[in-house]
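Colleague: For reference, the sequence and a predicted model appear below.
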Amino acid sequence: MNRSKRFAILAERDINKETFVEPWPEAGLIVTDSPYDPHPSLRIDHATGKVIELDGKSRESFDALDTFIAEHGIDLSTAEEAMATPSLKLARMLADINVPAADIRRLVVGCTPAKLCDIMRHMNVLEMMMGLAKMRARRVPANQAHVTNKREHPALLAADAAEAVLRGFSEVETTVGVARYAPLNALAILIGSQTGPGGVLTQCSVEESLGLRIALKGLTSYAETLSVYGTERTFVDGDDTPWSKSFLAAAYASRGVKVRFTSGTGSEALMGHAEGCSMLYLEARCLAITRGAGSQGVQNGSISCIALPESLPGGVRAVLAENLLASMLGLEVASGNDALASHSAIRKAAKLMLQFIPGTDFIFSGYSAVPRRDNLFGGGNFDAEDFDDYNVLQRDMQIDGGVRPITEQEANDIRRHAALAIQAVYVELGFPPISDEEVNAAVYGHASEDMPMRDVVADLAAADRFLAGAQTVLDVVAALQQRGFDNTAANILEMGRQRVIGDYLQPAAIFKPQAQTATGSRPVFRVSSAINGPNDYTGPGTGYRVEGKRWEEMQNLPQVKSPRDFIADQIGGNSPRLVEIGAAKTSVQREVILAVGPGFGSALNKTINGVDHEQVLEAILTGVAREGLTARIVKVYQSSDCAYIGYIGSQLSGSGIAIGLQSRGTTVIHKRGLARLNNLELFPQSPSLTLQTYELIGRNAARYAKGEPVKPVPVQVDNWARLRLIVKTALLHRRETDEVRDKPPAELLFNWEPDV
Amino acid sequence: MNDAPQYPLGENASAAIAAASGRRLSEITLEALASGELSSADLQIQAETLRAQARVAHQAGYAQLAENLMRAAELTAVPNEELLRMYETLRPGRASYDEMIAMAERLEGAYAAVQNARLVREAAQVYLTRGLARKA
């Protein structure tokens, strides 16, 4: 077979770096509806109030997960009603704006995992997105950031965390390359995240016991590393059980730490124990366990396994379905998008839309607020180099993605403040010092490679001492206060007070920082959760709407310019060499009419790419002269439309040939007798027209006038020009249109002789 | 679980809130820290506050979260190191059935952590059946 050039190019596309496979249920490589998935069933022994059959399994053959789900994961008060309600009806309720979230939730919390999947079977992604918009716990969506770096540099971590908060993220998560760094990394993002407005929840993702130790020191305020799995063997391989996870959740809460479980499609197949079940069914089991264990929320949406469901048909739909299932059950949802979802920019952005458009409690869990290569999680579906793209997506769709545009100056200022704060704390706590050079590098740097190397051995020794020693967050606050970082000190102490209050333990809680009333006064962090800010969306006119200050903020990208001065370069006064000498007359001469627009050489002086109008005239007239003809110049007042200008010119021309020329440079060669919108040659892409082209246009017009055979002027096709210049085009056309008058064309005298 | 306090407690009931140390919320200030009055127990949540949050969750329809917060209230009494050990004990294959029952008894006896004890007993039974308990 000869190789098709097109197929060869397609083979090189980013999308074809991905792996696509056909489903293989026995290996768990199927996203929904495995032939081995059980059918929904539930039987309750009313004498004991116990579940005796769950999804086709009787109590004596329950595994540990079945038992936990039966004991804690299903609300038996509505279970029989829910199981008896047709899945199609429940699916339709989800997509129906007239059914409030509470009516659905009352029933679905009584559903078994197989029943939950059966509901999803009836829904396409659009309907699921409608469902998610309604079932999301918190009224206003938010976003979480990942802040890590390969060198685990404390000043860079602090600076990146501070910038992430400035950009609007409500939670900041870090992790480690080397586990022993954990307390220092947690400290760095705590300080960074409480620089500026503060009120942001932070966590350090590490092994469960270590994570709890760091939380006990007061260095973190939430934990989402509590992973659960949909089969017993996978759960045990993860070194936990639903009971140990429940206990851990209570242990965290007992220390005032917000807890979110983690699960996601694909993990069981990846760990080799999917038991032939579909990814979504196993995730439904995870969610029943998560809710049963008393977690307020879940991080799901395949998470770090995303490439696995994506290798299969319907994978991205299944990932949306798992987000929806979690929100239906009343769980806060941090909806993934936290690992690279594709090599293809098209695919990764398309995947994001399924969470971005309906909005989730945290659209990313999290967004890589550092460059991908510095991300010690899964790389992030979007990263620091996509910030501007993301802000534009919010602005394009008027959708709140939880992020705001910032200026470079604001970023530099807050980064410096955070880096100086961690430098001060390192001195006060006796950690290896952070030099001024490191502070500077952290302010202006982008990634690990911009940072000076640190003494890793000394840092790790300090980390070990810090973890084992008696120093806590209070010593950090005291250090900041000592060194004059009063605002950061006050914010961190306020986070401690919030830990005493416990409001942020409720579902989907975040803080909305308020502007401080006076310097030195206590910061005010207003909690917003599913309790005091529940999602009340029931269709158009209800729920959260992007408007007011938030919409203004989202619109005001630093790149936005005022369009008012866009055409300043083109605007001018009357050209001294171009004089009106009366009404244009028809003629019988063998000539070319050069018909210009009403603004030409008067209101406007240059074409869209800055070529002087007089030079354009010279070029065209030279071309005509080279063919031994002359051209009369007329100004058309009735219209600013290029075709019409050329058409009017052709009516006046002795030869019937006219060139129509708009002020922005767009040109047509017209011939009397042709329909108005027809032409001999059209040059619509004014930005690519040069003086050389204009001369050739003049020559061709003259040859048409002489009745000679003509080879059309070659033109460049630059489809990006329209993209770049459309605003300018619109404004130039508007300016020319302002000059339209209800009067006949005028003859112009151009004070110039062709040098032919 | 009636009479849920008005949420957010920080805005509506802050006068009634104290830390695990007993220090009033209003006394947790930078000034107090500067004069050396604060210790880590002043930034720890009290059992009573967790129970109040549990009532909030329950009233809003989050029964399982409320139960978790009630268990958390009980666990405030357990010191850090023992709490970590208890969690470790509950991981698969770490403890025998009898050791788990002993832990449940300690939770009940030493800390009045009745609901946690119930959870641990339930786990012990399941672990025994499913081979997740350490062979004694």
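Modeller: Arrived safely. Numbers count the residues shown, from 1 in each chain, chains lettered A, B, ... in the order given.
Colleague: Now do the contacts for whichever residue of the stretch 151-300 of chain A sits closest to chain B.
Modeller: Among all residues of the stretch 151-300 of chain A, residue A:294 sits closest to chain B, at 2.5 Å; criterion: Cβ to the nearest Cβ. In short, each C-beta sits where N, CA and C put it, glycine included. Contact analysis of residue A:294 by Cβ atoms under 8 Å, 6 or more residues apart in numbering or on different chains lists A:246, A:249-250, B:64-69, B:71.
Colleague: Now, the residues you listed that are in helices?
Modeller: A:246, A:249-250, B:64-69, B:71 (DSSP state H).
Colleague: quick check, nearest of the residues you listed to residue A:201?
Modeller: Of all the ones in helices among the contacts of residue A:294, the one with the least separation from residue A:201 (Cβ to Cβ) is residue A:249, at 16.1 Å.
Colleague: Hmm, residue A:257 and the closest one touching each other?
Modeller: No: using Cβ atoms under 8 Å, residue A:249 and residue A:257 do not qualify as a contacting pair, with a distance of 9.6 Å.
Colleague: Skipping its backbone neighbours, what lies nearest the residue of chain B at minimum distance from chain A in space?
Modeller: Across chain B, the shortest distance to chain A (Cβ to the nearest Cβ) belongs to residue B:68, at 2.5 Å. Among residues not flanking residue B:68 along the chain, residue A:294 sits closest, at 2.5 Å (Cβ to Cβ, 6 or more residues apart in numbering or on different chains).
Colleague: Which helix or strand contains that neighbour?
Modeller: Using DSSP states H and E, no element contains residue A:294; it sits outside every helix and strand.
Colleague: And the nearest residue to residue B:135 once chain neighbours are set aside, what's its pLDDT?
Modeller: Computed as Cβ to Cβ, 6+ apart, the closest residue to residue B:135 that is not its neighbour in sequence is residue B:96, at 7.0 Å. Predicted confidence (pLDDT) for residue B:96: 98.
Colleague: Tally up the residues packed near residue B:96, please.
Modeller: Here the count is done by other Cβ atoms under 10 Å in any protein chain shown, and residue B:96 has 16 residues near it.
Colleague: That one reaches residue B:136, doesn't it?
Modeller: Yes: Residue B:96 lies in contact with residue B:136 (Cβ under 8 Å); the separation is 3.8 Å.
Colleague: Return the backbone torsion pair for the residue in the stretch 301-450 of chain A positioned nearest to chain B.
Modeller: Evaluated by Cβ to the nearest Cβ, the stretch 301-450 of chain A has residue A:330 as its residue closest to chain B, separated by 6.4 Å. Taking degrees, to the nearest 10, you get phi 90, psi 10 for the backbone angles of residue A:330.
Colleague: related to what we said a few turns ago, quick one: the residue nearest to residue B:135 and residue A:147, what's the gap?
Modeller: Shown here: residue B:96 relative to residue A:147, a distance of 43 Å by Cβ to Cβ, to the nearest Å.
Colleague: could you measure residue A:412 against residue A:362, distance?
Modeller: In this structure, residue A:412 lies at 27 Å from residue A:362, with Cβ to Cβ as the measure.
Colleague: ok, those two, which is more surrounded?
Modeller: The neighbour count for residue A:412 versus residue A:362, taken as other Cβ under 10 Å, is higher for residue A:362 (31 against 14).
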